[in-house]
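Enquirer: coordinates for the following, if possible.
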Amino acid sequence: MKEYKAGTYILHKGYKPFNPSFINDDIDWNLDELAQLLQDASLWLGKLNSYADLIPNIEFFIKMYATKEATNSNRIEGTRTTFEDAITPVEQIRPELRDDWHEVQNYIQAINYSINRLKELPISIRLIREAHKILLQGVRGEHKTPGEIRKTQNWIGGSSLNDAFFIPPEPNMLSDLLTDIEKFLHNENLQVPEIIKAGIVHYQFETIHPFLDGNGRTGRLLIILYLISTGLLNKPVLYISDFFERNRISYYDSLSMVKQTDNMTQWLKFFLNGVIETSKNSIKTFDEIIELKKDAENKLTKIGKKATNGQRLLELLYSQPKVNSKLVSQKLKVTPATANGILKAFVGIGILEEKTGYNRNRFYIFEDYIKIFR
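Expert: Numbers count the residues shown, from 1 in each chain. Reported below is the predicted structural model:
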């Protein structure tokens, strides 16, 4: 077993890019020190996976999980979109915030596309490139070669290569480094647990920084895709960006420490703690959803003949908790008058709140449901 070395700085044209070491090797990752955390992370991730499998119609709720992940992952990069903004139709978003809103929607689309793509394509750099192309389509990074590995040097922090905080490897190194990641992900001979692999690969991907833009979002998406591809998760219900966003300084410090000290252990401790906390929070969220669902279905008994369409509206609200009569009419395939009648009934029994106060162009919000994710 080799001692882990993060890599070396190599002088090149007056600046020093960091050249990370390959990870697809028999490396001593100091797993003994991580044994208890790894056991706890495996336990809680397994509980979450089993829990999610038992929830009927879980697909109704998964869109909200994806929206929360997209919002937090983008906020780490500085976008200003809130969770409430993300579930709001674009016409209600202030013009100066619409670029941020579109970036979050792209992330949701990239999550859904990539998970479906796993059914026909293994976890790979090809899949990551396809997801990256979706992430950057029609937004501020659209001119930075979406879906293409960079051919020029980039940097992190500072105004130029001369004062950059960190300079990733040169473009001519990227092909070998990305191939190494792919081999590492699929190497079943390595005695490395899959949760640990997910953490190592996230660090390595962020260090390589293979795209001109969107590397952080893509690297965080890679975590959930790998866990699904290995079967540790059957549904996309572990979204760790919330933990990273709330502990942003520790997140960046732990990643930076690997390069500075050759110590992967501190980053993996942080990562495993994130898996544990996120799994617990996701289970708690499901518990709250189940209770809310029971309460809402009890309330439906109070609206008489409208209850059949009411059940269909309730199912819509689990994935679209902000609606108007036009949307309800379209989705439920009912007349505008029927849609307005159901919405009025939902306000009356306390499921929906009407927030605008207008006589026309009203929007209704499933506030108790949004609070769970907020």
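Enquirer: now do the SS call for Ile351.
Expert: coil (DSSP: H, G, I helix; E, B strand; the rest coil).
Enquirer: residues touching it, list them.
Expert: Contact partners of Ile351, counting by CB atoms under 8 Å, 6 or more residues apart in numbering, are 296, 299, 314, 317, 366, 368. (Each C-beta comes from the backbone N, C-alpha and C, glycine too.)
Enquirer: between those residues, which sits nearest Tyr113?
Expert: Nearest to Tyr113, judged by CB to CB, of the contacts of Ile351 is Leu317 at 24.3 Å.
Enquirer: doesn't the closest one lie inside a helix?
Expert: Yes: Leu317 sits within a helix when classified using three-state DSSP.
Enquirer: how many residues are close by it?
Expert: 22 (other CB atoms under 10 Å).
Enquirer: Ser50 too?
Expert: 11.
Enquirer: nearest spatial neighbour of Ser250, skipping sequence neighbours?
Expert: Computed as CB to CB, 6 or more residues apart in numbering, the closest residue to Ser250 that is not its neighbour in sequence is Phe270, at 6.1 Å.
Enquirer: the helix or strand containing the one you found: how far from the chain's middle?
Expert: Phe270 belongs to helix 264-300 when assigned by DSSP states H and E. Its chain's average C-alpha position is 14 Å from that of helix 264-300, according to CA atoms, centre = their mean, to the nearest Å.
Enquirer: what's the domain layout of the chain?
Expert: Following automatic domain parsing, the chain resolves into domains at 2-285, 289-373.
Enquirer: quote the end-to-end distance of the shortest one.
Expert: Read that as domain 289-373. One end of domain 289-373 to the other measures 10 Å (CA to CA, to the nearest Å).
Enquirer: chain center to it: distance?
Expert: 27 Å.
Enquirer: repeat that for the longest one.
Expert: Using CA atoms, centre = their mean, the distance from the centre of domain 2-285 to the centre of the chain it belongs to is 8 Å.
Enquirer: could you pull up the mean pLDDT of that domain?
Expert: What domain 2-285 shows for mean pLDDT is 90.
Enquirer: what of stretch 347-356?
Expert: On average, stretch 347-356 scores 90.
Enquirer: what's the end-to-end length of it?
Expert: 13 Å.
Enquirer: buried set for it?
Expert: Going by neighbour count (16 or more other CB atoms under 10 Å), the buried part of stretch 347-356 is 349, 351-352.
Enquirer: cool, stretch 299-317 as well?
Expert: Of the residues in stretch 299-317, 299-300, 303, 306-307, 309-310, 312-314, 316-317 count as buried by neighbour count, 16+ other CB under 10 Å.
Enquirer: what sits closest to Phe244 if chain neighbours are left out?
Expert: Tyr251 is the one closest to Phe244 (CB to CB, 6+ apart), at 4.6 Å.
Enquirer: would you mark the buried spots in the strand or helix carrying the one you found?
Expert: Using DSSP H and E, Tyr251 falls within helix 248-261. Applying a neighbour-count criterion of 16+ other CB under 10 Å, one finds 251-252, 254-259 buried in helix 248-261.
Enquirer: cool, stretch 113-131 as well?
Expert: Quick answer for stretch 113-131 (16+ other CB under 10 Å): 114-115, 117, 123-125, 127-131.
Enquirer: report the contact partners of Leu127.
Expert: Leu127 is in contact with 114, 117-118, 121, 225, counting by CB under 8 Å, 6+ apart.
Enquirer: if you could redo that for Tyr364, that was the one I meant.
Expert: Counting by CB under 8 Å, 6+ apart, Tyr364 has contacts 322-324, 343, 346-347, 352-355.
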